[in-house]
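Trainee: 3D model of this:
(one chain, ligands or ions: 1)
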Amino acid sequence: MIALNHFNQLEADAAMALLQPCVALPGWAAALVAARPFASLAALHHTAKALTQSWGGAELEQALSAHPRIGEKPGGQQAHAVLSRQEQSAVNVDDRQLAEALRLGNADYEARFGRVFLIRAKGRSAEEILEALRQRLTHSDAEETAVALEQLREITLLRLAGAIGE
Ligand SMILES: NC(=O)NC1=NC(=O)NC1=O
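Mentor: Residues are numbered from 1 along each chain as shown. This is a model prediction of the structure:
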């Protein structure tokens with residue numbers, strides 16, 4: 001984590017590199033970097049959130065390339081893989097029955113919507129995630145795109161909060 005005033009002063013490419021693991025949408029990071037300097041963390045988060053409002057199906061598809069399935073903790077040391085593992089740390093898939101239910105749920109979701117099931121995993125147990133997955137399977141395409149985008153916004157802003165602090 002770096003301080004806001006340090007972020008404000010970083011070279012643009014270093015600032016972009018810091019934001020890259022938040023979401024695989026370079027346009028969002030570039031717009032946030034261009035909006036510096038920020039007078040407060042609240043101003044940073046206000047702008048960061050505002051910049052997510054224009055996201056639609058295309059952005060969701062692009063962003064999902066950097067999100068592993070729930071329950072499939074990604075390998076490797078790339079920043080977004082490390083973050084995914086941390087976010088999914090509470091998803092206790094040692095319970096084999098639960099792990100299998102998540103695996104099947106992911107498969108059902110992908111068959112229904114044609115993309116990976118995305119949920120803000122931080123602070124949620126595997127049971128809560130499975131329940132959300134089952135509930136979201138009942139959504140229309142439009143409803144589910146909106147819900148998945150909201151989860152992407154939550155994950156992005158949580159990662160931003162982890163990258164830049166006081
Ligand atoms: N498919 C997913 O929902 N992935 C993820 N959710 C998170 O909160 N972090 C992830 O990588």
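Trainee: Which parts of the chain are strands?
Mentor: For the chain, applying DSSP state E gives strands covering 2-3, 164-165.
Trainee: Report the mean per-residue pLDDT for the last one.
Mentor: What that stands for is strand 164-165. Mean pLDDT, strand 164-165: 96.
Trainee: Give the other helices and strands that it contacts.
Mentor: Under the contact criterion of 3 or more CB pairs under 8 Å, 6 or more residues apart in numbering; DSSP states H and E, strand 164-165 touches strand 2-3, helix 4-9, helix 41-50. Placement of C-beta: from N, CA and C, glycine included.
Trainee: export the strands of the chain to a markdown table and tack on mean neighbour count and distance to the ligand?
Mentor: Below are the strands of the chain laid out as a markdown table (neighbours: other CB atoms under 10 Å; distance: least, CB to the nearest ligand atom, whole Å):
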| stretch | mean neighbour count | distance to the ligand |
| --- | --- | --- |
| strand 2-3 | 12 | 21 |
| strand 164-165 | 18 | 18 |
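Trainee: Can you add distance to Lys122 and give those back as a markdown table?
Mentor: Converted to a markdown table, the strands of the chain look like this (distance: least, CB to CB, whole Å):
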| stretch | distance to Lys122 |
| --- | --- |
| strand 2-3 | 20 |
| strand 164-165 | 16 |
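Trainee: Just send the helices and strands packed on strand 164-165 back as a markdown table, with mean pLDDT too.
Mentor: Output for the helices and strands packed on strand 164-165, formatted as a markdown table (pLDDT from 0 to 100):
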| stretch | mean pLDDT |
| --- | --- |
| strand 2-3 | 97 |
| helix 4-9 | 98 |
| helix 41-50 | 98 |
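Trainee: can I get these in TSV with distance to Leu137?
Mentor: Listed next are those as TSV, based on distance: least, CB to CB, whole Å:
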stretch	distance to Leu137
strand 2-3	40
helix 4-9	39
helix 41-50	28
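Trainee: between those, which one is nearest to Ala24?
Mentor: Closest approach to Ala24 among the helices and strands packed on strand 164-165 is made by helix 41-50 (15.3 Å; CB to CB).
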